[in-house]
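Colleague: Dropping the sequence and predicted coords here.
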Amino acid sequence: MKKILLLLIFHFSLFIFHSNAQQYWHRVKGGCGQAGAGDAVISLVVDSTNNLLYAGGNFNTIDNSIGCDAIGSWDGNNWSTNTSFNSNPSTKRIIFFQNMLFISSSTQNDGGIFYNTGGSNWQNLANMNSQVQCLCIYHNKLYVGGDFTTVNGMSASFIACYDGTNWNTLGSGIWCTQFPGHVTAMCVWNDKLIAGGSFDKAGGLTVHSVAAWNDTTWSDVGWGVVDSGATNVADVYALCVHDSDLIVGGTISHADGLPVNNICRFNGSNWFALGAGVDANVYSLLSFKGKLNVGGEFEIAGGISASRFAYWNDTTWATTYGGGVFNSVFAMAVYDSVLYIGGLFGYIGNVNCNHIAALYDYPDSSVSINEVESSVESDASILCYPNPSEDKFNIEVKNIQMDCEAILSITDLLGKKLLEKSISLSKGNSNIDIKHQLPDGIYLVSLVTTQARLHSTIVVQKQ
């Protein structure tokens, strides 16, 4: 029997299996704030000059215990508070303008714009009489949107711009004739500034929750979008450009009379649905690697289960491996070619990520046993014991960073995946329960982290 087992193991060590690339969520060290405390990451932006990712929102700690004031920076390995904003209000939005970091900070009743001159030195640029909800750069000017009606005492309805010296209005601005409205999203598309929110007037022109500004005048964006729960108005929370089209997300039921579910696109002439859409609010949009990534508070996308995050590949909806996001997604950014999301969530699947997570692409696993692709020591390895095993076995990991999550998969001799789960390496070993899951036989055990892909074998032999 031993000879047969050894022969099978030798055969298995030569076996190459193939599968498509997969995506898994990983925490960003200790994250921002604390799970269950009402904390949230509201904004994510990349400082390309210094190669940093900034996170802003409602939180006063980063990396579990480092004190901060609503903003922190991530360098790919560690969190920093070197630009901590010394104020109690939350940081709503972050942007880089003229090589400086600008933020919008809001309380329940007012808002302001501040810029950083180095370290923890902040200067107040503007005060608004209500909240600032979004920031955007267009034609080398900083545009600010929200539900305010004054900027530094100057009348400015829902939107204003800063040219580096002075604040200016955009004609007569934007407003809503039916109820208190707001501008909550902006982007640049076809050399125009696109504003979205809850409004029906832009510069005196009748519009439906989206409008375009060309530096001098306002225009409509097709007929616009509405929600069945309101009259001629929707709530637009997110805008982006994908495949040259304008993507609009929020609380939306119709686009120019076309039924849609909270997300739609405009090609300059016509509005289109994105399949069956999503079943609740869309708060964040980002085009990356040919996919439209969508975050919000939905549970279903295109008829499939997709808890708060999904992507549209131009024909169908899909979601990621590793479990659903446990609360709303408010922000997305691409840093070092990796997609990051922020929001109200504390967990994704069984990973405690404290309001921020990174989605890693794992390459095609065309590997043989003991192959390692990483920057860690060449003697990185995993040990499965006892071997043979009955109902459970332990995995011991050597010479690899312990403070991370990993994806464990168990595959049979034909390459069929029989078990897959996320495990923590923080304790150096993990106990894997295989009772009632694997019959007698020989299996490939694969462990994938952001640093390495490690493989071993386990023999299951019941008494």
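Modeller: Thanks, I have it.

Colleague: shaky segments in the stretch 351-463 of the chain?
Modeller: 361-380, 400-404, 414, 425-429, 450-451, 462-463 (pLDDT under 70).

Colleague: residue ranges for the strands of it, please.
Modeller: Assigned by DSSP state E, counting those that start in this stretch, the strands in the stretch 351-463 of the chain fall at 351-352, 356-362, 381-385, 392-398, 405-411, 417-424, 429-433, 441-448, 453-460.

Colleague: Make JSON lines out of those and add distance to His208 and mean neighbour count.
Modeller: In short, each C-beta sits where N, CA and C put it, glycine included. As requested, the strands of the stretch 351-463 of the chain are exported to JSON lines (distance: least, CB to CB, whole Å; neighbours: other CB atoms under 10 Å):
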{"stretch": "strand 351-352", "distance to His208": "40", "mean neighbour count": "17"}
{"stretch": "strand 356-362", "distance to His208": "34", "mean neighbour count": "21"}
{"stretch": "strand 381-385", "distance to His208": "57", "mean neighbour count": "17"}
{"stretch": "strand 392-398", "distance to His208": "56", "mean neighbour count": "16"}
{"stretch": "strand 405-411", "distance to His208": "44", "mean neighbour count": "21"}
{"stretch": "strand 417-424", "distance to His208": "43", "mean neighbour count": "16"}
{"stretch": "strand 429-433", "distance to His208": "54", "mean neighbour count": "15"}
{"stretch": "strand 441-448", "distance to His208": "47", "mean neighbour count": "20"}
{"stretch": "strand 453-460", "distance to His208": "50", "mean neighbour count": "20"}
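
Colleague: Compare the ones you listed and give me the one nearest Ser73.
Modeller: strand 356-362 (12.0 Å; CB to CB).

Colleague: And the contacts of that closest one?
Modeller: The set of residues external to strand 356-362 that reach it, using CB atoms under 8 Å, 6 or more residues apart in numbering, is 21-28, 31-32, 41, 44, 55, 320, 325, 338-342, 345, 348, 351, 407, 448, 450, 453.

Colleague: and it, how far from the chain's centre?
Modeller: In terms of CA atoms, centre = their mean, to the nearest Å, the centre of strand 356-362 is found 9 Å from the chain centre.

Colleague: Stretch 253-266 now?
Modeller: That offset, for stretch 253-266, works out to 23 Å (CA atoms, centre = their mean).

Colleague: again, but for stretch 223-239
Modeller: That offset, for stretch 223-239, works out to 24 Å (CA atoms, centre = their mean).

Colleague: Can you get me the start-to-end distance on it?
Modeller: When the termini of stretch 223-239 are compared using CA to CA, to the nearest Å, they are 16 Å apart.

Colleague: one step back: CSV please, covering the strands of the stretch 351-463 of the chain and showing distance to Leu101.
Modeller: Converted to CSV, the strands of the stretch 351-463 of the chain look like this (distance: least, CB to CB, whole Å):
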stretch, distance to Leu101
strand 351-352, 29
strand 356-362, 18
strand 381-385, 42
strand 392-398, 39
strand 405-411, 31
strand 417-424, 34
strand 429-433, 41
strand 441-448, 35
strand 453-460, 37
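
Colleague: for those, which one sits closest to Val334?
Modeller: Closest among the strands of the stretch 351-463 of the chain, once you apply CB to CB, is strand 356-362, at 10.0 Å.

Colleague: Please enumerate the helices of this structure.
Modeller: 2-14 (DSSP state H).

Colleague: what residue is smack in the middle of it?
Modeller: Ile341 (2.0 Å; CA atoms, centre = their mean).

Colleague: Tell me which of the strands of the stretch 351-463 of the chain sits nearest to Trp167.
Modeller: strand 356-362 (32.3 Å).

Colleague: Sheet-wise, list the partners of that closest one with their directions.
Modeller: Looking at strand 356-362 with DSSP bridges, its partner strands are strand 22-27 (antiparallel), strand 338-343 (antiparallel).

Colleague: quick revisit: what about the strands of the stretch 351-463 of the chain, which gets the closest to Leu135?
Modeller: strand 356-362 (19.4 Å).

Colleague: how's the protein carved up into domains?
Modeller: 2-20+365-460, 22-362 (automatic domain parsing).
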